[in-house]
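Participant: Got a predicted model here, sequence first, then my questions.
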Amino acid sequence: MSVGARLKEIRKISKLNQQNFAEKLKVTDKTYWNYEKDVSDISVSCLTNLFTLFNVNLNWLITGEGEMFLSDKNDDFDKKVESKINEVLSKHKLIEK
């Protein structure tokens, strides 16, 4: 299964259409369509939104390994990962501090 197919699976489980899912991820409809159809790679900011908004296991999204969603048991770990993602995004000026 491709990254786009896994992304579509997340969207379907979230019971959102492409337009609504794109809005939540803060991307255009066309950009999201390109992600889901594997036309283009998912941006770092979109990956961050998938993680923070939907608790998506990014390892699963990229590799297909593990569970689709992170469990609440890993809350401390999740916060560390989110902090690291934000640190990297800030460093590369993809988001403001």
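Facilitator: Structure's in. What do you need?

Participant: Could you list the low-pLDDT ranges of the protein?
Facilitator: 72-78, 92-97 (pLDDT under 70).

Participant: chain center to the lengthiest helix in it, what's the gap?
Facilitator: If you go by DSSP state H, the chain has its longest helix at helix 75-91. Offset of helix 75-91 from its chain centre (C-alpha atoms, centre = their mean, to the nearest Å): 13 Å.

Participant: May I have that helix as CSV, with CA atoms only?
Facilitator: Coordinates of each C-alpha in helix 75-91 appear next as CSV, following Å, rounded to 0.1, in the frame of the first residue of the first chain:
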residue,chain,number,x,y,z
ASP,A,75,1.3,10.6,25.5
ASP,A,76,4.7,11.6,26.9
PHE,A,77,6.5,10.2,23.9
ASP,A,78,4.0,11.9,21.5
LYS,A,79,4.7,15.3,23.2
LYS,A,80,8.5,14.7,22.8
VAL,A,81,8.0,13.9,19.1
GLU,A,82,5.7,16.9,18.5
SER,A,83,8.3,19.1,20.3
LYS,A,84,11.1,17.8,18.1
ILE,A,85,9.0,18.3,14.9
ASN,A,86,8.3,21.9,15.9
GLU,A,87,11.9,22.4,16.7
VAL,A,88,13.0,21.2,13.2
LEU,A,89,10.3,23.2,11.5
SER,A,90,11.3,26.4,13.4
LYS,A,91,15.0,25.8,12.6
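
Participant: who does that helix touch, helix- and strand-wise?
Facilitator: When contacts are defined as 3 or more C-beta pairs under 8 Å, 6 or more residues apart in numbering; DSSP states H and E, helix 75-91 sits against helix 44-54. In short, each C-beta sits where N, CA and C put it, glycine included.
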